[in-house]
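S.K.: below: sequence and its predicted model.
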Amino acid sequence: MQYLALLMSKERDYTPDEGAALMAAFENFHAKSASAIRAGDALTRQAAGVRITGGPDAPVVTDGPFAEGAEVACGYYVFEADNLDEALALARDVPVAAHGAIEVRPTYHTFDPEWSRSGGAQWLALLLEPPGSVNSPGTPEWEVEAARHGEFAAGAGDHIVAGAALHEPATATTVRVRDGEVLLTDGPFAESAEIATGFYLLSAADRDKAVKLASMIPASTVELRQLAGVSHL
């Protein structure tokens with residue numbers, strides 16, 4: 001089974017020594033966990049991202065940042081694991097877990113590793129919905145939503161490198177490591193104003209094209225973030 005691990009952390013500036021130490025820690029993690037990593041990259045700062053609300057019919061684009069002082073998405077992985085316990089064991093070794101958090105959710109679709117690594121993805125589009133608007137698989141509402149995503153896929157074509165829907169919020173687990181102790185928090189997270197329901201990896205020549213593509217996605221909110229291009233996959 002595959003799991004999306006969304007890395008969350010407060011944004012900060014690192015000294016050269018701190019940056020080098022963090023990069024070395026990620027290189028060690030990749031060397032240890034390479035067989036389970038299907039995709040992953042860091043994200044550029046939230047201030048350079050956009051949020052798109054209103055849906056495809058009336059999109060409203062807002063430039064970042066969106067949550068100053070709070071933990072924000074700073075990277076992602078897609079893990080291959082036999083079960084949740086294995087996915088959480090991978091997540092606790094991600095260096096960000098020591099000072100931020102890793103949100104782990106199982107995906108509904110298989111992520112092809114060769115496709116995702118060679119497709120030239122440059123943007124992560126994270127799909128967000130209010131808790132009351134999250135549809136359950138197999139319901140008529142889910143089927144309608146799936147059909148709309150099919151229309152988006154047909155329109156976006158090769159600009160979609162990969163993507164997946166996420167299991168319901170109750171399957172989410174947040175991993176933190178503090179003073180060597182692993183702290184797990186199970187979902188759903190009642191305090192959340194928005195819940196991730198899926199994601200796309202997109203290829204676009206520039207920011208304007210990426211925003212145009214993301215504006216076509218059928219979701220209440222799409223957070224579009226550029227990949228930093230520092231993956232060691």
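M.R.: Perfect, thanks for sending it. For clarity, every value in this text was computed on a predicted model and none was experimentally measured.
S.K.: read off the pLDDT value for A48.
M.R.: With respect to pLDDT, A48 scores 91.
S.K.: got it, and E145?
M.R.: 89.
S.K.: what of A190?
M.R.: At A190, the model reports a pLDDT of 50.
S.K.: so which residues of this structure form helices?
M.R.: 16-33, 84-92, 113-118, 140-156, 207-214 (DSSP state H).
S.K.: for these, give me JSON lines that also has distance to D41 and mean neighbour count.
M.R.: The way it works is simple: take the backbone N, C-alpha and C, and place the C-beta from them, glycine included. Putting these into JSON lines (distance: least, C-beta to C-beta, whole Å; neighbours: other C-beta atoms under 10 Å) gives the following:
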{"stretch": "helix 16-33", "distance to D41": "11", "mean neighbour count": "13"}
{"stretch": "helix 84-92", "distance to D41": "16", "mean neighbour count": "19"}
{"stretch": "helix 113-118", "distance to D41": "10", "mean neighbour count": "14"}
{"stretch": "helix 140-156", "distance to D41": "20", "mean neighbour count": "13"}
{"stretch": "helix 207-214", "distance to D41": "15", "mean neighbour count": "18"}
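S.K.: comparing those helices, which yields the minimum mean pLDDT?
M.R.: helix 113-118 (a mean of 49).
S.K.: lowest average confidence, helix or strand, in this structure?
M.R.: Least confident helix or strand of the chain, by mean pLDDT, DSSP states H and E, is helix 113-118 with a mean of 49.
S.K.: so how many other residues sit close to L227?
M.R.: 19 (other C-beta atoms under 10 Å).
S.K.: excluding chain neighbours, what is closest to it?
M.R.: Closest residue to L227 apart from its sequence neighbours, by C-beta to C-beta, 6 or more residues apart in numbering: D41 at 4.4 Å.
S.K.: pretty sure the one you found is touching A228, no?
M.R.: Yes: counting by C-beta atoms under 8 Å, A228 is a contact partner of D41 at 6.1 Å.
S.K.: between those two, which one's more packed in?
M.R.: The neighbour comparison of D41 against A228 (other C-beta under 10 Å) goes to D41, with 21 against 13.
S.K.: double-check V182 against R92; I have them as touching.
M.R.: Yes: V182 is in contact with R92 according to C-beta under 8 Å; the separation is 5.1 Å.
S.K.: any common contacting residues for these two?
M.R.: V175 (C-beta atoms under 8 Å, 6 or more residues apart in numbering).
S.K.: closest one to R178 among the helices of the chain?
M.R.: helix 84-92 (11.1 Å; C-beta to C-beta).
S.K.: contacting residues around the closest one?
M.R.: Outside helix 84-92, the residues within contact range by C-beta under 8 Å, 6+ apart are 1, 3, 5, 33, 36, 77, 79, 81, 97, 102, 104, 106, 173, 175, 177, 182, 184.
S.K.: so what's the third one bridging to?
M.R.: The reference is to A5. Y77, V104 (DSSP bridges).
S.K.: who's in contact with it?
M.R.: Counting by C-beta under 8 Å, 6+ apart, A5 touches 76-79, 87, 90-91, 94, 102-104.
S.K.: and with 6 Å instead?
M.R.: 77, 79, 91, 102, 104 (C-beta atoms under 6 Å, 6 or more residues apart in numbering).
S.K.: how far away is the third one from F79?
M.R.: Right, the one you point to is A91. 8 Å (C-beta to C-beta, to the nearest Å).
S.K.: per-residue pLDDT, R12?
M.R.: On the pLDDT scale, R12 gets 83.
S.K.: repeat that for H232.
M.R.: So H232 comes in at 50 (pLDDT).
S.K.: still on that earlier bit, can you say which of the contacts of helix 84-92 are buried?
M.R.: 3, 5, 33, 36, 77, 79, 81, 97, 102, 104, 106, 173, 175, 177 (16 or more other C-beta atoms under 10 Å).
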